[in-house]
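Colleague: have a look at this prediction, sequence included:
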Amino acid sequence: MNTINPNKLHHSKWTAVTPRNKEKHFIVTKLLRDEEENVVEVVLEAVHSHRETTLAWQALKDDSTWKMGWK
């Protein structure tokens with residue numbers, strides 16, 4: 001399980017364990033916050049296609065799906 005500080009996710013790099021559509025490497029481009037300024041979701045941009053995906057930041061903790069950095 002990846003240990004993550006949600007406030008430091010901006011511009012962090014991630015690798016998908018099982019790539020889809022040749023999209024393996026991602027970078028966090030935005031942090032979406034609630035009214036109390038807590039990070040709720042992140043926007044990941046695929047390096048290859050520049051397609052954006054929004055997901056809950058807690059999903060990045062799953063090391064069977066995501067790896068920290070570009071590997």
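Modeller: Arrived safely, thanks for sending. Numbers count the residues shown, from 1 in each chain.

Colleague: low pLDDT regions in this protein?
Modeller: Within the chain, no range satisfies pLDDT under 70.

Colleague: what's the single longest strand in it?
Modeller: Longest strand in the chain, counting residues (DSSP state E): strand 23-33.

Colleague: how about the strands in this structure?
Modeller: Using DSSP E, the strands of the chain run over 13-20, 23-33, 39-46, 52-56, 66-68.

Colleague: contact partners for residue 16?
Modeller: By CB atoms under 8 Å, 6 or more residues apart in numbering, residue 16 lies in contact with 23-26, 65-66. From N, CA and C alone the C-beta is placed, and that goes for glycine too.

Colleague: swap in 10 Å and give it another go.
Modeller: Counting by CB atoms under 10 Å, 6 or more residues apart in numbering, residue 16 makes contact with 23-26, 44, 46, 65-67.

Colleague: how far is stretch 18-36 from where the chain is centred?
Modeller: Distance, stretch centre to chain centre, for stretch 18-36: 4 Å (CA atoms, centre = their mean, to the nearest Å).

Colleague: if we can go back for a sec, can I get the longest strand of the chain as CSV, trimmed to CA atoms?
Modeller: Extracted C-alpha coordinates of strand 23-33, given in CSV (Å, rounded to 0.1, in the frame of the first residue of the first chain):
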residue,chain,number,x,y,z
GLU,A,23,-1.4,4.8,-21.4
LYS,A,24,1.1,3.8,-18.8
HIS,A,25,2.6,7.0,-17.4
PHE,A,26,0.5,9.7,-15.7
ILE,A,27,1.0,13.0,-14.0
VAL,A,28,-1.3,14.6,-11.5
THR,A,29,-2.4,18.0,-13.0
LYS,A,30,-5.1,19.1,-10.6
LEU,A,31,-6.3,18.6,-7.0
LEU,A,32,-10.0,18.8,-6.5
ARG,A,33,-11.0,20.0,-3.0
